[in-house]
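Enquirer: any chance you can model this:
(chains A and B)
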Amino acid sequence: MVEKINHLEMQHITKRFPGVLALDDVSIELKKSEILALLGENGAGKTTLMNVLYGLYHQDEGSIFINDKIIEIESPINAMENHIGMVHQHFMLVPNLTVIENIALGYFQDTRFKLDLNLVRTKIMEIAKKYGMAVDPEAYIWQLSVGEQQRVELVKALTLGANLLILDEPTAALTPQQTDELIELLKEMARQDNSIIFISHKLNEVKSVSNRISVLRNGKLVHEGDTVSYTVSELAEEMAGRQINLPKSPEKLEFGEVMLDMKDIWAYNDQGGWGLQGLNLQLKAGEIMGIAGVSGNGQRELADVVSGVRKVEKGNILIDNWNITNHTASQIIERGMGYIPEDRLHEGSLPGFSVRENLILKDYNSSQISSSIFLKKKVIDKFANNLIETYNIKCPDMNTSCASLSGGNIQKVILAREITRNPKVLIAAYPIRGLDIGAAEYVHNRLIEAREAGMAILLISEELEEILDLSDRIGVIYEGAILKVLPGRGTDYKEIGLLMAGVIDE
Amino acid sequence: MIQEFIVGIILGGIPLSVSLLLAGLGEMFTQRSGVFNLGVEGIMMLSAFIGFFVVYTIGSPFLGIIAAMAGGALMGLLMGLVSITFKASQGISGIGLFMFGWGLSGTLFRVYVGGVTTIKGINDIYIPVLSNIPIIGPILFSQNPLVYVAYLLVPVASWLLFKTSWGLKVRAVGTTPAAADTVGVSVVKIRYQSLVIGGVMAGLAGAYLSIAQAHLFADNITAGRGFIAVALVYFGRWKPAGIMGGALLFSMAHSFQRLIQVYGINFPYEIAVIIPYILVIVVLAFTWKSQSLGPLALGKPYDREFRG
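Expert: Just a heads-up that it's a prediction; the model follows:
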């Protein structure tokens, strides 16, 4: 039995991917009972560093020391033998197995046949009791909520013998209240001789949970120190490398006509249950309405029904007083709908097509772009070059394939296409997910401009900050309906958080 | 008359079901681990030849079966090499494996055997006393030994898949390989193992056709049974009992259409012949919806360092 971790060091870790230097000479250190926050923007290398520690990637240079002895971590098995456990951002659980089975999967490494689920159940209950976590070992993973699945992941790591836990963006899908609970739980675990590495880009959480902080930027370690010695805004600057204030939409009192009217909408989700259950919503010209909610409460179905890719079972959707319920996507686009989808690489663009082609995806049929069956090459070239310039899309030329661009630039291609079409209604689903802060700033500025130009914008997001910065009104979505509409200004996190959990306090 | 007809269907159907059942159970493990092996037909054909050839030259049916299973295992490994190690598209690799097995068995047959030659093979056994019971006797107690082997493998496969540590790993690897990988289960190893098991079972199925059922080898002896077996895995919802049910249903329908012709019943035989196939298509059309129960990662190569 390998001894538990009292002291972990990762020294001078370098990791290259084809064409990318993901980690550049990064060193971190962690002692028993300590919580280290690993802070950085998307793509800064936090997850890569942790995947190296967990044996999923192998470093090109550098070494890992546990209790001052150098160790090689070739695969997750080695990591587990060394008492390292990891809770990934996208949970690593098999949905159609039970909690016990998921944990037994790692528990019986060397045995072929013996599958003693009772033994595993006992172990699980021991751990659950020790840390005061409620877990139903017999439940199937697909039956559990995101918060419950996260607890299963924690119990799994501990049951499999970890005393160093890596948590990758653990609060991404939690309500503010659930986040507070998680932070308390992690502190309790640290008190009981575990150490924790907490990956996040949310400064307030990092501030309240950690003892020490290491900040990564573009694969380099740019800062480390005790949490108490720095303020949130100092950390923000370290993280971005410059002072950044995401734009806020200026206050506005007058709005236009109702552009999008959804009346009692019912629609199924992919699992065959109800995804939307009597959703009502009105959006006016020149207004941004934020849709806040824990993911999986109907956001996806909402975007789908409006853009015409999911069937409405009951209810009516009107764009500018024109009924578009269950019309085809192209008819809805004709009526003035713009859509920035959640999955920009598979829904928002055709990754194998060039930037030029992606820019005309919705207009290839219009008389400006094509005559009878032929595309007008010169017109398109001019159009594309124009947009590349206006939207500052960074690409070698307009014939570059979209797949080779960065996330931020793909999003610019989509924004350029959608906004230049000057739609009446624009749906923006998670428009800055996975983007670095500079790109996020750009996207937000464009959305505010579109609002000024009189578009009605529906902003679906899981980042409350984004919603509070931009929205004129905030609708909280819960179990497929808008639970309550709050004003965009003067609303605080706590109020939204409670509503996101389905609690109405009146 | 009616009783005789029904017993006739069952008696004819059971032997027909064996190769489907064996190959289907094997393919179930393969698919449960996330690999879609469309080459079962090719494995069965090559193994049918290998089994036949060993009996033809050495005379031992037992060695023939062993050799056929070993050949199946090698074919499984080959599929693994192409689709797991080299991460080629599973559908295309499977078609390649089928063509390979088909071509190789036919060529070897023409070069080393030539024409139709019968072998002694394995005959049906008659359990004394019990086989004389009316109706039940012929159905249950006078079958080929491999029939009993095949049906005994149904509970064995169930136990392996649902009650053992290895089975748990197979199910996890086929559904969420990344989850299995992160708790230290080797996705590559489990998938290779499952492919070899699938190959061995398809090999046994092929050997049954040439050694036990037909007592000879002929071109295209499998006549699409390998593909039906792949379909039956879907039909049976990746569960041994379901696959057994599918194999029985299909072979009974097959037996039914044969008897219609034998009895000269006034029914267009062209339609009778396609009944079993239509049945499979209809059933598949109605069952695909519950896909969520099946192995979600089916057909997808796993790459740990893949950055999407």
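
Enquirer: so the residue nearest to A:K156 when sequence neighbours are not counted, which state does it fall into?
Expert: Take A:K156 and drop its neighbours on the chain: the residue closest to it by C-beta to C-beta, 6 or more residues apart in numbering or on different chains is A:I103, 4.9 Å away. Any C-beta I mention is one placed from the backbone N, CA and C, and that applies to glycine too. Three-state call for A:I103 (DSSP: H, G, I helix; E, B strand; the rest coil): helix.

Enquirer: OK, contacts around A:I103?
Expert: Taking C-beta atoms under 8 Å, 6 or more residues apart in numbering or on different chains, we find A:I103 in contact with A:120, A:123-124, A:152, A:155-156, A:159-160.

Enquirer: can you tell me the closest non-neighbouring residue to A:G106?
Expert: In space, A:G106 is closest to B:V183, 3.0 Å off (C-beta to C-beta, 6+ apart).

Enquirer: low pLDDT regions in chain A?
Expert: For chain A, applying pLDDT under 70 flags the ranges A:1, A:242-244, A:505-506.

Enquirer: what residues does it have near chain B?
Expert: A:17, A:54, A:56-57, A:75-77, A:80, A:86, A:88, A:91-97, A:101-102, A:104-106, A:108-109, A:111-115, A:156, A:160, A:271 (C-beta under 8 Å from any C-beta of the partner chain).

Enquirer: one more time with 6 Å
Expert: Taking C-beta under 6 Å from any C-beta of the partner chain as the measure of proximity, chain A contacts chain B at A:56, A:76-77, A:80, A:92-94, A:101, A:105-106, A:108-109, A:111-113, A:115.

Enquirer: chain center to stretch A:113-128: distance?
Expert: Put simply, stretch A:113-128 sits 33 Å off its chain's centre (C-alpha atoms, centre = their mean, to the nearest Å).

Enquirer: next one: stretch A:303-318
Expert: Relative to the centre of its chain, stretch A:303-318 is centred 24 Å away, using C-alpha atoms, centre = their mean.

Enquirer: longest helix in chain B, please.
Expert: helix B:2-32 (DSSP state H).

Enquirer: which other helices and strands contact it?
Expert: helix B:145-163, helix B:165-175, helix B:187-207, helix B:225-235, helix B:240-263 (3 or more C-beta pairs under 6 Å, 6 or more residues apart in numbering or on different chains; DSSP states H and E).

Enquirer: could you export the helix or strand following that helix as CSV, CA atoms only?
Expert: On the C-terminal side of helix B:2-32, the nearest following helix or strand under DSSP states H and E is helix B:40-57. Provided in CSV are the C-alpha atoms of helix B:40-57 (Å, rounded to 0.1, in the frame of the first residue of the first chain):
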residue,chain,number,x,y,z
VAL,B,40,-19.4,-11.9,-38.2
GLU,B,41,-20.5,-13.4,-41.5
GLY,B,42,-16.9,-13.5,-42.7
ILE,B,43,-15.7,-15.1,-39.5
MET,B,44,-18.4,-17.7,-39.7
MET,B,45,-17.6,-18.6,-43.3
LEU,B,46,-13.9,-18.9,-42.7
SER,B,47,-14.4,-20.9,-39.5
ALA,B,48,-16.9,-23.2,-41.3
PHE,B,49,-14.2,-24.0,-43.8
ILE,B,50,-11.5,-24.4,-41.2
GLY,B,51,-13.7,-26.7,-39.1
PHE,B,52,-14.7,-28.7,-42.2
PHE,B,53,-11.1,-28.9,-43.4
VAL,B,54,-9.7,-30.2,-40.1
VAL,B,55,-12.4,-32.9,-40.0
TYR,B,56,-11.8,-33.7,-43.7
THR,B,57,-8.1,-34.2,-43.2
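
Enquirer: so for stretch A:332-349, what gets flagged as buried?
Expert: Under the neighbour-count criterion of 16 or more other C-beta atoms under 10 Å in any protein chain shown, stretch A:332-349 has A:332-333, A:335-342, A:344-345, A:347-349 buried.

Enquirer: which members of the residues you listed are the farthest-apart pair?
Expert: Largest separation among the buried residues of stretch A:332-349 by C-beta to C-beta: A:R335 and A:L345, giving 26.5 Å.
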